[in-house]
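Asker: One predicted model, sequence on top.
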Amino acid sequence: MSTQQFSQERLMKVLLAPQISEKATYVADKNEQVIFRVVPDATKPEIKAAVEMMFKVSVNTVQVVNVKGKVKRAGRFVGRRNNWKKAYVCLAAGQEINFAANEQG
């Protein structure tokens with residue numbers, strides 16, 4: 001699957017943000033994976049193409065998780081956060097994404 005199949009505008013909107021947490025850092029070190037928060041209707045090929053286009057790396061696999069929004073309450077009012085989707089992107093051997101370098105450039 002190549003980047004040419006998807007429109008440039010769509011690929012720019014697929015990735016919302018990198019997921020930074022203790023678990024994400026552990027997974028990145030152990031498995032050479034990077035975790036992204038993505039739009040709920042994103043597909044695996046779209047996510048792969050977007051990461052390859054934006055960060056100029058080669059992607060091996062993409063695993064996707066639908067995260068249920070937490071139930072929260074403020075006094076007697078019960079609400080719910082939105083559901084969201086995250087993607088575990090497995091990079092090819094020896095490749096990495098340095099977020100600090102990309103923000104400056």
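Answerer: That came through fine.

Asker: and the most centrally placed residue in the chain, what are its bridge partners?
Answerer: By Cα atoms, centre = their mean, the chain has its centre lying nearest to residue 36, at 1.9 Å. Assessed by DSSP bridges, residue 36 has beta-bridge partners residue 18, residue 87.

Asker: which ones are touching it?
Answerer: Contact analysis of residue 36 by Cβ atoms under 8 Å, 6 or more residues apart in numbering lists 15, 16, 17, 18, 19, 47, 51, 86, 87, 89. In short, each C-beta sits where N, CA and C put it, glycine included.

Asker: Columns pLDDT, neighbour count and distance to residue 32 on top of those, output as JSON lines?
Answerer: Formatted as JSON lines, the contacts of residue 36 follow (pLDDT from 0 to 100; neighbours: other Cβ atoms under 10 Å; distance: Cβ to Cβ, whole Å):
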{"residue": "15", "pLDDT": "94", "neighbour count": "21", "distance to residue 32": "18"}
{"residue": "16", "pLDDT": "95", "neighbour count": "15", "distance to residue 32": "22"}
{"residue": "17", "pLDDT": "94", "neighbour count": "10", "distance to residue 32": "20"}
{"residue": "18", "pLDDT": "93", "neighbour count": "15", "distance to residue 32": "15"}
{"residue": "19", "pLDDT": "92", "neighbour count": "20", "distance to residue 32": "16"}
{"residue": "47", "pLDDT": "95", "neighbour count": "24", "distance to residue 32": "16"}
{"residue": "51", "pLDDT": "94", "neighbour count": "24", "distance to residue 32": "13"}
{"residue": "86", "pLDDT": "95", "neighbour count": "17", "distance to residue 32": "17"}
{"residue": "87", "pLDDT": "96", "neighbour count": "24", "distance to residue 32": "15"}
{"residue": "89", "pLDDT": "95", "neighbour count": "27", "distance to residue 32": "10"}
